[in-house]
Each structure stands twice: as C-alpha cells, then as structure tokens.
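Undergrad: Got a sequence here, can you build the structure:
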Amino acid sequence: MNHMQRTLVIDASVARSAGGTENPISKACRDFMEEILHVGHYVALNQALLKEWQKHRSNYSLQWLSYMQRRGKVRLVRCPETRNRILTNCVNGTDAITSNQKDAVRKDFLLLHCAWASDELVSSMDEKMRKLLSILALECAEIGSVTWVNPARAEDKAVGWVKAGARTEEDRKLRSWNAPT
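TA: Residues are numbered from 1 along each chain as shown. Okay, here's the model as predicted:
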C-alpha cells in the first residue's frame, strides 16, 4: 500500500532508547524507527536537535540516521521566526505552568521548531513535556496543532500509525491530549 511520505521529528529520547536489545522500550523505539524507514517517511532535524541526537544517540540510531541520510530522507529544517516569537510569548505570558516548567519547555522548543517547519509530527518519550505542551495548547493554538506520538507507550500504537501513513489525527494532537492521571 502506497502512502504519502511524511516528515517526522524524532526526539533524542527515542533515538537514545532505540537499540539492539529486546528491552521492551528499546524494541518499541527501534521498531518505530524501522517502520519509518520501511514506509519511506522523512525525518526532520534542525542544528539543535542534531546536536541532541549526537550527544544521546545509540549505535542503532546512529546507523539509522546514516542510512536515512544516504537515502536522502533527512530534512534539515528551520522554524519561521514568527513561530519562534509566538512560542516565546506564549511561554513567557502564561500562568498555567510554573517557572520551572517554563524552563523545561524552553529546553524542548527545538521539537516544536522542527515540527512547525515540517509536517507537525513529533515522536518523543517525554510524557511530562507532552502534558506541559497540552496545557499551553489551551492558550496557544499553534502548539495545539502539533501531533505527538510516544513509541514506547503501547496506547499510542506508534508503529501502526507510521505504517498507516502517519496521518494527522485529532486525538493525537497536543490540544486534544488528556494525560492519564
């Protein structure tokens, strides 16, 4: 079955966890990345995310990224400056999260920057960040439009989602996220 090729942002947390072991998290991340390769999707990186990957990579993710580069499946992206300002203003102006939480969000701006410069599809294992961004999405529609998938979370069915074309689905968007309590 032929699907439209999408461009996904893969957080360093996924790249670090994907490895050759049969540990369930390692296997889930590896299977997710393998499916991206198999389907023919692209990966979006900016310079900051590439540095994170290089710092936290596994041997598997390094080989995977090299293979993706050889196939022309890596897109180096740059977020439009207007989106950067929107994100900064949203985080600085909100009372919905604490100062420490704002600092944590600022450290992961790079994921949203890459998402906004591509197909707005993020894969990350950081559930705390997912929750914080879903809170901010109530005040900042641009954040809410981003789709977030955790390959290590069985409920996300990430491999099946990639296999089916990594479509944008409302219940996967940050604005729709209701984290389990």
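
Undergrad: Within the helices and strands, which one has V122?
TA: Element membership for V122, per DSSP states H and E: strand 121-123.

Undergrad: and after that strand, which helix or strand comes next?
TA: Next in sequence after strand 121-123, counting helices and strands by DSSP H and E, comes helix 127-137.

Undergrad: that older thread, and the contacts of the strand holding V122?
TA: Where contact means C-beta atoms under 8 Å, 6 or more residues apart in numbering, the residues beyond strand 121-123 that reach it are 6-11, 14, 32, 111-112, 114-115, 146-151, 158, 166, 168. C-beta: built from backbone N, CA, C; applies to glycine.

Undergrad: Now a PyMOL select for only the buried ones of these.
TA: Below is the selection syntax for PyMOL that covers the buried ones among the contacts of strand 121-123, with 16 or more other C-beta atoms under 10 Å defining burial:
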select buried, resi 6+7+8+9+10+11+14+32+111+112+114+115+146+147+148+149+150+151+158+166
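
Undergrad: Give the pairing partners of the strand holding V122; include direction for each.
TA: Partner strands and pairing direction for strand 121-123 (DSSP bridges) are strand 7-10 (parallel), strand 147-149 (parallel).

Undergrad: I'd like to know how many residues surround R70.
TA: R70 is flanked by 9 other residues according to other C-beta atoms under 10 Å.

Undergrad: That one and R130, how far apart?
TA: From R70 across to R130, the span is 32 Å (C-beta to C-beta, to the nearest Å).

Undergrad: Same check on A12?
TA: Taking C-beta to C-beta as the measure, A12 falls 15 Å from R130.

Undergrad: Confirm for me that K163 is in contact with V39.
TA: Yes. With contact defined as C-beta atoms under 8 Å, K163 counts as touching V39 (6.3 Å).

Undergrad: so where is the protein shaky, pLDDT-wise?
TA: Using pLDDT under 70 as the threshold, the predicted model of the chain has low-confidence ranges 1-3, 179-181.

Undergrad: Any idea which residue is closest to the centre of it?
TA: Nearest to the mean C-alpha position of the chain, counting by C-alpha atoms, centre = their mean, stands V122 at 2.3 Å.
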